[in-house]
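Novice: Predicted model follows, preceded by the sequence.
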Amino acid sequence: MQTDILLLSQEETHPFYSGVNSYFLDPLLAPPALPLKKFSAAPPLGITLLASALRREGFTALPLYNFFSREKEKERLLEELEKKPFAAGLSTTHTFRPETLRAAAELVKKISPKTVLIAGGPGAEWNEDLRPAGGYTALGPGEGALTELLRALRAGADPAGVANLILPDGKPSPGARRPPPQLESLPFPDWGLYPAAPRGVAVQGSRGCSRACGFCSYSAPYDARSAASVLAELRRNRNLWGIRRFRFTDSDFAGDPARALEICRGLEEDGGFAWTCFARADSLLRPGLAPALRRAGCQWVFLGVESGSDEMLRAMDKGCGAEAMRAGIAAAKSAGLGTHGNFVVGYPGETRATLAETLAFVKGAGLDTVYFSPFQIRSPGIPALARAQGGLSGGREGWSHATMSSGEMLKYAREIGEEISSDPGAPLLGSEALFSLFSEGEGEAYRANVLEFFGAFRRWHAGRRSGNGAELALARKTMEKHL
Ligand code: B12
Ligand code: SF4
């Protein structure tokens, strides 16, 4: 029987982040490059959820991922393409380069010319160059659009009535935009769809965000599942596949404290889970919440601190100032949670003086790990661009505003990184993207792994600065232990 759809995802690094990520990539990729097998090991939640939703509706759907970076998966994909699937879905959650999307589309078409191409995910939604020529693009959460589209195409009906879709002629379907199906109504992800069950997975307790920070492309309508549904999924993952490690994808896990507490109570009762989440620092100020997260198995919280300057936090519409950020971090720390702070560099209004405030904040707030994200116009819909804040203009490739250009920002971001990494008293530079490596340990053991791994990057860079080859080799040995 013909497969209805293959759901394909190829993860890659983001070109805009390369200036900052070279801090991590240079040591890892210096010849001979270290093996990064564990890094790309986790199957993506997006295509897993889509496949699960389609299968519930009676379609045959198979997710495949990282086929360009894993030989075995490429073989599987080629075999599946030989069976001439009716459609292929291309995910752009972690595919950022048009050439990668084109390569995947061309591979599908070369082996199976009649296969219908359908893209989806944040990349294709925001960037027309990530839409397949002659194919369809679903906008937003894809469960509803993909099911309706496949149903229409399979029945030979006109797909123009399908909502949230860009048609092959590049125009939006007249079906206009409709809210996607509610999360609570969707099936749980079926991790059994992969040849081997993953050790750690992503869990979507809510999507979108009720806030609209000026730099964020992620302020889609907020929708949350009940605590009972989240707990049921986590228990099913554990019971069926032995999965006890996960990361919440929610933009602010602590944003609805009653719900967060209910989830934590359930996890604490069961015991044995180890997980991470994103949270707003001010959300953690609710008494008792941070300790509840820790007791439930939370290891590390990823906090969107964004800046140490009150002026910048106001400009960003962050909704809280540096003092609340400091207090939230302190609450998390005193509960025994590892804390990671993300900072945005170059938002309209940013100057050397506001960056100096951020640096001082980073050095004094007690964070364990930090990351400096270049301000980026990821989607034309970000509030700062919509209101041309501080004279902001530009796009994906680069921007400028009254106080900075993207070129200057990258220079500053690197300078800050260099300063933080050469100060032994400052927190370690760490990338949230690399936390998936820590698949062992809990509490202090987990913390020790994180600090050892990111500490090795600091040592490597110290070795680079001083030209100490022995130090470089030692640092790489430590990194390798965790890869
Ligand atoms: C988990 C995660 C990771 C994990 C991925 C591990 C894994 N294999 O699962 C790790 C840590 C590796 C990671 C890394 C990075 N990530 Co990431 N990540 C996320 C996160 C938190 C959750 C993704 C997820 O599972 N979401 C839940 C699922 C259900 O949603 P989804 O994937 O969007 O899929 C839905 C829709 O988009 C759509 N859809 C998706 N694909 C398709 C395909 C078709 C055919 C259709 C119809 C629909 C469709 O339907 C899906 C179901 O509703 C998101 C933020 C977020 N909350 O979404 C960022 C996010 C996706 N990451 C992002 C970025 C930038 C990165 C990094 C570049 C960061 C960095 N500092 O370097 C790296 C790149 C990876 C690399 N190789 O270097 C950005 C992507 C922006 C973009 N696409 O332009 C996001 C949105 C975060 C953000 N706001 O900045 N990430
Ligand atoms: S930065 Fe965080 S809190 Fe602000 S809109 Fe984006 S997801 Fe929401």
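Specialist: Received the coordinates, thanks. Owing to the predicted nature of the structure, the values given are computational and were not obtained by experimental measurement. Ligands and ions are numbered 1, 2, ... in the order given.
Novice: Find the nearest non-adjacent residue to Arg177, please.
Specialist: Among residues not flanking Arg177 along the chain, Asn164 sits closest, at 5.5 Å (Cβ to Cβ, 6 or more residues apart in numbering). For every residue, glycine as well, the C-beta is placed using N, CA and C.
Novice: measure that neighbour to Cys209 for me?
Specialist: From Asn164 across to Cys209, the span is 19 Å (Cβ to Cβ, to the nearest Å).
Novice: again with Leu77
Specialist: 34 Å.
Novice: returning to what we had before: higher neighbour count, Asn164 and Cys209?
Specialist: For Asn164 versus Cys209, the count of surrounding residues by other Cβ atoms under 10 Å is larger for Asn164: 25 against 18.
Novice: doesn't Ser393 make contact with Pro348?
Specialist: No: Pro348 lies out of contact with Ser393 (Cβ atoms under 8 Å); the separation is 10.2 Å.
Novice: who touches both of these two?
Specialist: Counting by Cβ atoms under 8 Å, 6 or more residues apart in numbering, the shared contacts of Pro348 and Ser393 are His401.
Novice: Contacts only, for whichever residue of the stretch 1-150 of the chain sits closest to ligand 2.
Specialist: Residue nearest to ligand 2 within the stretch 1-150 of the chain: Pro122 (12.5 Å; Cβ to the nearest ligand atom). Pro122 makes contact with Thr92, Thr93, Ser217, Arg378, Ser379, according to Cβ under 8 Å, 6+ apart.
Novice: Let's have the residues you listed in TSV, adding secondary structure and neighbour count.
Specialist: Listed next are the contacts of Pro122 as TSV, based on DSSP: H, G, I helix; E, B strand; the rest coil; neighbours: other Cβ atoms under 10 Å:
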residue	secondary structure	neighbour count
Thr92	coil	25
Thr93	coil	16
Ser217	coil	17
Arg378	coil	21
Ser379	coil	17
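Novice: Looking at Pro348 and Ser393 now, which is surrounded by more residues?
Specialist: Per other Cβ under 10 Å, whichever of Pro348 and Ser393 has more neighbours is Pro348, with 24 against 10.
Novice: just the helices in the stretch 151-300 of the chain please.
Specialist: Listed in chain order, the helices of the stretch 151-300 of the chain (DSSP state H, counting those that start in this stretch) span 227-241, 257-270, 289-295.
Novice: low-confidence ranges in the protein?
Specialist: Filtered on pLDDT under 70, the chain yields the residue ranges 176, 219-220.
Novice: for ligand 2, what are the nearby residues on the stretch 151-300 of the chain?
Specialist: Proximity of the stretch 151-300 of the chain to ligand 2, by Cβ under 6 Å from any ligand atom, involves residues Cys209, Arg211, Ala212, Cys213, Cys216, Tyr218, Ser219, Ser251, Asp252, Arg280.
Novice: Which among the residues you listed count as buried?
Specialist: Buried members of those, counted by 16 or more other Cβ atoms under 10 Å: Cys209, Arg211, Cys213, Cys216, Tyr218, Ser219, Ser251, Asp252, Arg280.
Novice: unless I'm mixing things up, the last one is touching Leu303, no?
Specialist: Right, the one you point to is Arg280. Yes: at 7.2 Å, Arg280 counts as touching Leu303 under the criterion of Cβ under 8 Å.
Novice: Identify the contacts common to those two.
Specialist: In contact with both Arg280 and Leu303: Gly328, using Cβ under 8 Å, 6+ apart.
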